[in-house]
Each structure stands twice: as structure tokens, then as C-alpha cells.
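Chemist: sequence? don't have it. structure:
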Ligand code: HEM
Ligand SMILES: CC(C)=CCC/C(C)=C/CC/C(C)=C/COP(=O)(O)OP(=O)(O)O
């Protein structure tokens, strides 16, 4: 049985004017914290300087683009969200918002973010922001997510753009470093998401979303988590390997990512028994978020210390 009203029923119930908090919720503020942080770190770690107001505008545009595409994602997925316990209380499935308002809000934020980025910061950064928005709200949401268990692997590209955009806002060109920052989040996304998908698997199965644990089974998902966690070790340290950072970032990246790999071991080599609490999966998911915050924080520390001449 569905755990929420259908969007049609919800819209019929929708009599109260929409609260600004519901518009804010449409931007997925929880996820947004890390998107803004990685975008800001990309900007702060880049060589060169940017006027603080332009830098602030660039990060604001990343936030607006991510928020706008999240709103469009929820506008498209209102039916699916209504059927999942984790998402049924969102503004659309819960009937607190009109569907057209969500769509218009998403389009407005997305278009404004690209326009302002182009005019105030640069059109290369704006073009990549537009690509990220289309990637998340169209390629991932409409095409990949409902059609392939590789949705997260390919779709992971959407969330990997923010630090690249932040970097390019400063430098105006694409070099190896922003591509490596993209690669770190790209390879981080599958274990981040599949760890969670292992403990909300029944929700996705009920909603008919072909997430990896639903289609290929838990054992295959656990192996894939392990494979991506191994790959993440050299990829996270690669900015150091190519001479783009000092050992400060390099050692931090290796330590943090070996920690990630260590936490993926019990997730991989575990047999689930009745009544299990899935603690290793929850631990890996929680760590994945802290991991990215600390890793990108270490990158900025490294670069600031380097540019200030404290380390060489
Ligand atoms: C295709 C890629 C991704 C998928 C499918 C995905 C999926 C999810 C899901 C389902 C949650 C559960 C909580 C919620 O409903 O908000 C979550 C949480 C989270 N994700 Fe991801 N994620 C992806 C990529 C990313 C990226 C790229 C970032 C940031 C760089 C990110 C950051 C976070 C954070 C910070 C949370 C915790 C949110 C909170 O505490 O409220 N995710 N993710
Ligand atoms: C600048 C820019 C456009 C950045 C993209 C932002 C970003 C972090 C995209 C990653 C995709 C994401 C959060 C997916 C959540 O999955 P879902 O939407 O399938 O989750 P759900 O099941 O909770 O709806």
C-alpha cells in the first residue's frame, strides 16, 4: 500500500498557500551543504584570485543551480516520492505544494543561476553549470534513474561538477586538477549511494526503481561498493601524484580514503541474517559524507598553505 497520497489527490488537498520553507525543502538542503562546500573548495583551491563578491556569486549560482535541478527532480518524481517512506513527506507528495509552482521554481532557479554565472563570472563556468543541471534533472532523473541499475554510476557525474565549476570560475580554463576533483566525486558516488540503497532497498523495489541492490542483488552491490572504494584510493590521492598539491593533501587523502576502504570491508564480506541492523552500511554512508567534507577541506588547507609559502 502506498504510504502517501497520489500527487493528484495531494494537489486536490492543497488549499493552503505554500510556505517558503517548502520551497527551501525542494532544493534538498541536506545534500546542498556538501555541494556548496565542494564548490567553494574548488574555488578556494584554484590558482589565481577572484574578487570576493564574484567568488560569492559563483558559489551562490552553484547552490541555485543544484537547488533548481533538485526542484525539477522532485517535480518529475512526485509519484515515485509519494510511494516511498523516506520521501513521502516532501512538499509535493505530502500535498503542501502545487506541482506547477515546483516546476516554475526549478526552471527559474536553474535559468537564473546559469545567466548570472555567465554575466558575472564567465561563460565556461556557466556552460558547465548548465550541463550539470541538465545532467541531474534530465539525464539522471528522467532517463537513467528509472531505466538502468547503472543510474548512479553514470548519473554520479551530475554531482561531481560543483568543485570543477568553482575552480573554473577562478581560472577560466579546464586543466587536470578540476578534472581530478570531478573524478574523486564521480568514484565516491556509487559507494556513497549504494551503502544507503542497501538499507532502503525495499522502498526502491516498491517504487519500481531499478537500483543496483534491487536488480542485481545485495551480494553484487557489496562487491561493487568494494571495487569503487579500492579505485577511490589512487583517485583521491591523484592531485598529489600529478604535483597539483603537496604531501599535506596527499597524506590526508590516503589516510581518509584508506579509512573509507576499511569501512567498506565489513559491508562487502558480510552475510546478513534475520534481524540484522545493517550497521556497517549505515556507518559507511555516514562516513562517506564526513569523508568528502574533510577531503575537500584538506585540499583548501594544502593550497592556502602553499600559496602563502608556509609549505612547498
Ligand atoms: C547520483 C548521485 C547521488 C545519489 C543518487 C544520492 C542519493 C542520496 C540519498 C538518497 C540520500 C539520502 C538523504 C536524502 O534523501 O536527502 C543522500 C544523502 C546525502 N547526499 Fe547523496 N546522492 C548522490 C550524490 C551526492 C553528491 C554528489 C553529494 C555531494 C557532493 C551528496 C551529498 C549528500 C549528503 C550531504 C547527504 C546527507 C543529507 C542529509 O544529511 O540530509 N550526494 N544522497
Ligand atoms: C550544480 C548541480 C546541478 C549539482 C548537482 C547536485 C547534485 C548533488 C546532484 C547529485 C544527485 C543527487 C543528490 C541525487 C539524489 O538522488 P535522487 O534525486 O535520486 O534522490 P531521491 O531518491 O532522494 O529523490
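Modeler: The structure has been received and is ready for your questions. Just so we're clear, the structure is a prediction, and the values are computed from it rather than from any experiment. Ligands and ions are numbered 1, 2, ... in the order given.

Chemist: who in the stretch 51-200 of the chain is up against ligand 2?
Modeler: 62, 65-66, 69, 73, 77, 87, 129, 132-133, 136, 145, 158-159, 161-162 (C-beta under 6 Å from any ligand atom). (Glycine included, C-beta is placed from N, CA and C.)

Chemist: show me what residue of the stretch 151-300 of the chain gets nearest to ligand 2.
Modeler: Using C-beta to the nearest ligand atom, the single residue of the stretch 151-300 of the chain nearest to ligand 2 is residue 159, 3.1 Å away.

Chemist: report pLDDT for that residue.
Modeler: We have a pLDDT of 95 for residue 159.

Chemist: that one reaches residue 189, doesn't it?
Modeler: Yes - using C-beta atoms under 8 Å, residue 159 is in contact with residue 189, at 6.2 Å.

Chemist: residue 65 and residue 107 touch, don't they?
Modeler: No - between residue 65 and residue 107 there is no contact under C-beta under 8 Å: 11.8 Å.

Chemist: between these two, who's got more neighbours?
Modeler: For residue 65 versus residue 107, neighbours defined as other C-beta atoms under 10 Å are more numerous around residue 65 (31 against 15).

Chemist: excluding its backbone neighbours, what's nearest that one?
Modeler: residue 113 (3.8 Å; C-beta to C-beta, 6 or more residues apart in numbering).

Chemist: list the buried residues of the host helix or strand of the one you found.
Modeler: For residue 113, the enclosing helix or strand under DSSP states H and E is helix 99-116. For helix 99-116, the neighbour count (16 or more other C-beta atoms under 10 Å) marks 99, 101-103, 105-106, 109-110, 113-114, 116 as buried.

Chemist: how about the residues of the stretch 51-200 of the chain near ligand 1?
Modeler: So the stretch 51-200 of the chain meets ligand 1 at 152, 155-156, 159, 185, 189, 192-193, 196 (C-beta under 6 Å from any ligand atom).

Chemist: just send those back as TSV, with secondary structure and neighbour count too.
Modeler: Formatted as TSV, those follow (DSSP: H, G, I helix; E, B strand; the rest coil; neighbours: other C-beta atoms under 10 Å):
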residue	secondary structure	neighbour count
152	helix	22
155	helix	21
156	helix	22
159	helix	23
185	helix	25
189	helix	21
192	helix	25
193	helix	21
196	helix	18
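
Chemist: biggest separation within the residues you listed, which pair?
Modeler: 185 and 196 (15.9 Å; C-beta to C-beta).

Chemist: distance of the residue in the stretch 101-250 of the chain that ligand 1 sits nearest to relative to residue 124?
Modeler: Taking C-beta to the nearest ligand atom, ligand 1 has its nearest neighbour within the stretch 101-250 of the chain at residue 159, 2.2 Å off. Counting by C-beta to C-beta, to the nearest Å, the gap from residue 159 to residue 124 is 20 Å.

Chemist: just to check, residue 140 is in contact with residue 153?
Modeler: No - checked against C-beta under 8 Å, the pair residue 140 and residue 153 is beyond contact range at 10.9 Å.

Chemist: about what we covered before: contacting residues around the helix holding residue 113?
Modeler: 7, 11, 18, 23, 26-27, 57, 60-62, 64-65, 67-72, 74-75, 78, 91-92, 126, 129-130, 133, 137 (C-beta atoms under 8 Å, 6 or more residues apart in numbering).

Chemist: switch to 7 Å and redo it
Modeler: Residues outside helix 99-116 that contact it (C-beta atoms under 7 Å, 6 or more residues apart in numbering): 7, 11, 18, 23, 26, 57, 61, 64-65, 67-69, 71-72, 74-75, 78, 92, 126, 129-130, 133.

Chemist: in strands, which of those residues appear?
Modeler: Among the contacts of helix 99-116, none falls in strands (DSSP state E).

Chemist: pull out the buried members of the residues you listed.
Modeler: Buried among those (16+ other C-beta under 10 Å): 7, 11, 18, 23, 26, 57, 61, 64-65, 67-69, 71-72, 74-75, 78, 92, 126, 129-130, 133.

Chemist: ok so, going back, who's in contact with the residue of the stretch 151-300 of the chain closest to ligand 2?
Modeler: Residue 159 touches 35, 185, 189, counting by C-beta under 7 Å, 6+ apart.

Chemist: pretty sure the last one contacts residue 154?
Modeler: The reference is to residue 189. No - Residue 189 lies out of contact with residue 154 (C-beta atoms under 7 Å); the separation is 10.1 Å.

Chemist: can you pull the domain assignment for the chain?
Modeler: As given by automatic domain parsing, the domain ranges for the chain are 1-174, 175-312.
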